[in-house]
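Colleague: heads up, no residue letters with this:
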């Protein structure tokens, strides 16, 4: 019997990976290519969408070749992607209209302030579930329409198309100018500020508020259904899934039940909690978002806590301070001391995300005395990630009425045992890491395979999940709450550092 596989494309912020998985959810082959990060002005971050597509064109056949697999053995392809990154392209030539504006880009800060002062601004949170912020797609789409001569008129005619990265890749895979399918999925659409979180459709009032022509928008589809068949890169392969990367990790971690949560620890960290089939509105600084939708079934919603700086704080400790030479060394250095020595680091390098959302905050180190060594600083760096996780979990428990029982984790920082133990201690809750570390790619593969019957149901996917490591809480409760109180005092001292008409 000929073996069958699912292909997953993880289109990330710094690179794109193409992975083949077998029926047991095991990785068979992987290819990866980085793409260039472009910073033309302070606060601007851009990608070349054509470069990303060309990389995929080369990588997909290479992944097959490495596994000795023919495209006819691939039953489906799923895509996970960096969310909120905005791509515009010409329907007739297939060429991007300028560079893609990346989710980290903050050029729209003044535009967002303008929108916030306009009548009807309250509709954005009410309809989309998200606050008005530079983080999301609609403001940067509006900025591009305003700053590219003639673009608005072309968009009104439907000559220019908008999408996030999965839309761009699906369009190109299915033929591009020769019949390419222009679609997005509910998770990516839910990050634009343009989709109604309850109807799962583009919202007429939000389009009018932001001044976005409906003709340029993709059709919103579920996360697991047949979008089309590839004519390029992997001809004949069915494309049957797309999810934003953090939702893909939620799916790959098989968080299918209300109250189950995962946190991906990377450059920043993203904690998602499955809240069931009714969206939970946050009053504690979290984002209401779509978790996933399978075919015609009801959508499953999530609360999301986005933490801006976690792994990048370790990189700063290494590259800017030079106190370690490799990222893993921070655990060794932190273990040279018993505790943080009374020192706390709050990494508000460009403000704070969830649950504070304070753009005026800047990073601080507090509690410095002559006793503090680089070992104490290293421990404070790791503990910053633990305390930020605790803040988000507290907010989630308050919003959802649920009590987090276990946190599933993935991402590069989960290799740090001291950090994982600290997170378990401060939550306090068990922290578990799965055997397959590639949870984003696996989630996209699972959704794609589910859509075509390669996997029969969600329970079948659960059986593929196996625990690789677990950390159980061991910290004294009194010490935990005392340390947490100190952390919160430190956070308050970051507020208000950037004053109006000043930069920092």
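Modeller: Great, that's in hand. If you're wondering where the values come from, they're calculated on a predicted model, not measured in any experiment.

Colleague: which element is residue 488 on?
Modeller: helix 477-492 (DSSP states H and E).

Colleague: Check which helices and strands that helix sits against.
Modeller: strand 344-346, strand 364-366, helix 374-400, helix 417-426 (3 or more C-beta pairs under 8 Å, 6 or more residues apart in numbering; DSSP states H and E). C-beta: built from backbone N, CA, C; applies to glycine.

Colleague: For the second one, give me every contacting residue.
Modeller: In this case it means strand 364-366. 343-346, 348, 377, 380, 489-490, 493-494 (C-beta atoms under 8 Å, 6 or more residues apart in numbering).

Colleague: picking that back up, mean confidence score for the helix holding residue 488?
Modeller: Helix 477-492 carries an average pLDDT of 96.

Colleague: Can you list the buried residues in it?
Modeller: Within helix 477-492, the residues that qualify as buried are 480, 483-484, 486-487, 490-491, counting by 16 or more other C-beta atoms under 10 Å.

Colleague: Tell me where this protein is predicted with low confidence.
Modeller: 1, 500-504 (pLDDT under 70).

Colleague: So for it, the centremost residue is which one?
Modeller: residue 246 (4.0 Å; C-alpha atoms, centre = their mean).

Colleague: Relative to residue 217, which of the buried residues of helix 477-492 is nearest.
Modeller: Residue 217 lies nearest to residue 491 out of these, by C-beta to C-beta, at 38.8 Å.

Colleague: Pairing partners for the residue lying closest to the closest one once chain neighbours are set aside in the sheet, please.
Modeller: Of all residues not flanking residue 491 in the chain, residue 346 sits nearest, at 5.4 Å (C-beta to C-beta, 6 or more residues apart in numbering). When bridges are called by DSSP bridges, residue 346 pairs up with residue 364.

Colleague: Please, where are all the strands along the stretch 51-200 of the chain?
Modeller: Using DSSP state E, counting those that start in this stretch, the strands of the stretch 51-200 of the chain run over 74-81, 87-90, 100-101, 160-163, 183-185.

Colleague: could the ones you listed go into a markdown table alongside distance to residue 370 and mean neighbour count?
Modeller: Formatted as a markdown table, the strands of the stretch 51-200 of the chain follow (distance: least, C-beta to C-beta, whole Å; neighbours: other C-beta atoms under 10 Å):
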| stretch | distance to residue 370 | mean neighbour count |
| --- | --- | --- |
| strand 74-81 | 48 | 28 |
| strand 87-90 | 53 | 24 |
| strand 100-101 | 47 | 26 |
| strand 160-163 | 56 | 25 |
| strand 183-185 | 55 | 26 |
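
Colleague: Nearest to residue 255 among those strands would be which one?
Modeller: Each of these has some distance to residue 255 by C-beta to C-beta; the shortest is strand 74-81, at 15.1 Å.

Colleague: what's that closest one packed up against?
Modeller: Against strand 74-81 (3+ C-beta pairs under 8 Å, 6+ apart) you get strand 5-11, helix 165-173, strand 238-244, helix 245-252, helix 439-451.

Colleague: what angle sits between the fourth one and strand 5-11?
Modeller: Counting by axes from the mean of the first three to the mean of the last three C-alpha atoms, to 10 degrees, helix 245-252 points 150 degrees away from the direction of strand 5-11.

Colleague: likewise the third one?
Modeller: Between the axes of strand 238-244 and strand 5-11, defined by the same axes, to 10 degrees, the angle is 40 degrees.

Colleague: In a markdown table: the helices and strands packed on strand 74-81, plus distance to residue 372.
Modeller: Converted to a markdown table, these look like this (distance: least, C-beta to C-beta, whole Å):
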| stretch | distance to residue 372 |
| --- | --- |
| strand 5-11 | 40 |
| helix 165-173 | 43 |
| strand 238-244 | 40 |
| helix 245-252 | 35 |
| helix 439-451 | 37 |
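
Colleague: so which of these comes closest to residue 209?
Modeller: helix 165-173 (21.8 Å).

Colleague: Name the residues that touch the closest one?
Modeller: 9, 11, 49, 52-53, 56, 77, 79-82, 85, 87, 89, 94, 100, 161, 163, 180-185, 188, 218, 227-228, 230-234, 239, 242-243.

Colleague: circling back: which stretch among the strands of the stretch 51-200 of the chain approaches residue 39 most closely?
Modeller: It is, among those and with distance given as C-beta to C-beta, strand 100-101, at 12.1 Å.

Colleague: hmm, back to that, JSON lines for the strands of the stretch 51-200 of the chain, including distance to residue 38?
Modeller: JSON lines is the format used below for the strands of the stretch 51-200 of the chain (distance: least, C-beta to C-beta, whole Å):
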{"stretch": "strand 74-81", "distance to residue 38": "18"}
{"stretch": "strand 87-90", "distance to residue 38": "14"}
{"stretch": "strand 100-101", "distance to residue 38": "10"}
{"stretch": "strand 160-163", "distance to residue 38": "19"}
{"stretch": "strand 183-185", "distance to residue 38": "24"}
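
Colleague: now what about stretch 110-121, what contacts it?
Modeller: Under C-beta under 8 Å, 6+ apart, the answer for stretch 110-121 is 124, 132-134, 139, 142-143, 205, 209-210.

Colleague: again with stretch 34-53
Modeller: Residues contacting stretch 34-53 (C-beta under 8 Å, 6+ apart): 11, 14-16, 55, 85, 87, 89, 95-96, 99-102, 104-107, 109, 165, 168-169, 172.

Colleague: Among those residues, name the buried ones.
Modeller: 11, 16, 55, 85, 87, 89, 96, 99-102, 104-107, 165, 168-169, 172.

Colleague: so what's the residue of the chain positioned farthest from its centre up against?
Modeller: Largest separation from the mean C-alpha position in the chain: residue 370, at 39.8 Å (C-alpha atoms, centre = their mean). By C-beta under 8 Å, 6+ apart, the contact set of residue 370 is empty.

Colleague: Nothing else from me, thank you.
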